[in-house]
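# Requesting a structural model of the entry that follows:
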Amino acid sequence: MTLRAILIGAVGAACAAPTAALGLNYGVEADVVSDYVWRGMVFSPGFVLEPYAYVSAAGITPALWANVQLEDEYNTLDEVDFMISYGRPIDPLYLELGYVYYYLPPYEHEEPAHIEGTEVITTDPTDTHDVFLIAAYSPLPILTVYSDHYLTAVGNPGGYYVDVGVGTGHAFGDALALDAYFEVGVGNPKFNDYNMNRDKAALNLVETGVSVTACFLGVMYVRPHVSYTTLIDGDLREAAGEDNESFWFGGAAVGIEG
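This is a model prediction of the structure:
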């Protein structure tokens, strides 16, 4: 699950309310996705499993997210993200300030790739740490305008990425919800140089997606979802390669919230 999904209320509004005595929310989710896609970039050869868990009380939310490769014989668990944030409404906005540590375990791969008899080597990627600020405004009950700002503090200090988007959703009673989003993303020169070997600021991407959440027993849910992303800047499209310039990706999540 993304912070975007929490903001536009895809799951929480449809399936579970906070525990009255403590204002407590919790959730556990397993999402099977056709590709691991992050800010318009693909980091998998095929299907992945993305588990997610969080607890939230008094506006404070620690969370854990991971990516597990399902179609790579060497690289199984290739990322674990540790997040903590504090969010609260400050009329007319919702603001959330947080920190995320991207832990990238060592992994094995063939070098050079796809050549018979090559050596399997181990690579130890550089972990990075971001601080982030999320701002959201809802001019209508079914509409949220949001902006997510990520500044890298460790690993690639000074890297900055921002997205601006709009989300909309509607709950059909207590059992079904429909949500959609549209956003654009921008990276500064340090972000794009580190991630795509292009030392320039750019309008990185346009992305849109839709999800349907069906709830069971008040706390369980199934959430099929699909998105389309396309890189905008010509240099970034060249760096990504023809197969990764624009594509559909999607999957289905199963989870519990309370």
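
# all helices for the stretch 1-150 of the chain, in order.
Using DSSP state H, counting those that start in this stretch, the helices of the stretch 1-150 of the chain run over 3-8, 12-15.

# Might you report the residue contacts of Glu50?
By CB atoms under 8 Å, 6 or more residues apart in numbering, the residues touching Glu50 are 30-33, 36, 65-68. To be clear about C-beta, it is placed using only N, CA and C from the backbone, and glycine gets the same treatment.

# What's the ChimeraX syntax to select whichever of these are buried?
Filtering the contacts of Glu50 down to the buried ones (16 or more other CB atoms under 10 Å) takes a single ChimeraX command:
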select :31,33,36,65,66,67,68
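
# sorry, back to before: any idea which of the helices of the stretch 1-150 of the chain scores lowest on pLDDT?
Ranked by mean pLDDT, the helices of the stretch 1-150 of the chain end with helix 3-8 in last place, scoring a mean of 44.

# Just to check, Asp78 is in contact with Gln69?
Yes. The pair Asp78 / Gln69 is scored as a contact, 5.8 Å apart, by CB atoms under 8 Å.

# Let me know how buried Pro106 is, in neighbour terms.
Per other CB atoms under 10 Å, the neighbour tally for Pro106 reads 10.

# how many other residues sit next to the nearest residue to it once chain neighbours are set aside?
Distances taken as CB to CB, 6 or more residues apart in numbering place Asp124 nearest to Pro106, at 4.4 Å, with adjacent residues excluded. By the criterion of other CB under 10 Å, Asp124 has 9 neighbours.

# my guess is Asp124 contacts Tyr103, does it?
No. Assessed by CB under 8 Å, Asp124 is found out of contact with Tyr103, at 11.5 Å.

# so who does Ala253 touch?
Per CB under 8 Å, 6+ apart, neighbours of Ala253: 1, 29-32, 221-225.

# ok, of those residues, which one's closest to Phe47?
Val32 (6.4 Å; CB to CB).

# Any idea what the closest one is bridged to?
Leu49, Ala252 (DSSP bridges).

# Cross-check the contact I'm expecting between it and Phe249.
No. Counting by CB under 8 Å, Val32 does not reach Phe249; the two are 11.6 Å apart.

# where in the chain is pLDDT low?
Along the chain, segments meeting pLDDT under 70 span 1-22, 74-75, 111-117.

# rerun that using 50 as the cut-off
Flagging of the chain using pLDDT under 50 yields the residue ranges 1-13, 20.

# thinking again about what came up before, measure the residue nearest to Pro106 to Ser56 for me?
According to CB to CB, to the nearest Å, Asp124 and Ser56 sit 33 Å apart.

# do His109 as well
When His109 is compared with Ser56 (using CB to CB), they lie 37 Å apart.

# the more surrounded of these two?
Neighbour count, other CB under 10 Å: between His109 and Ser56, Ser56 has more, with 19 against 14.

# Kindly state the beta-bridge partners for the more buried one.
Here Ser56, judged by DSSP bridges, has bridge partners Asn25.

# Does it touch Ile84 like I think?
No. In this structure, Ser56 is not within contact of Ile84 by CB under 8 Å, at 10.5 Å.

# and the nearest residue to Val226 once chain neighbours are set aside, what is it in contact with?
Leaving aside its sequence neighbours, Val226 sits nearest to Gly250 (CB to CB, 6+ apart; 3.4 Å). Residues near Gly250 by CB under 8 Å, 6+ apart: 33-34, 209, 224-227.
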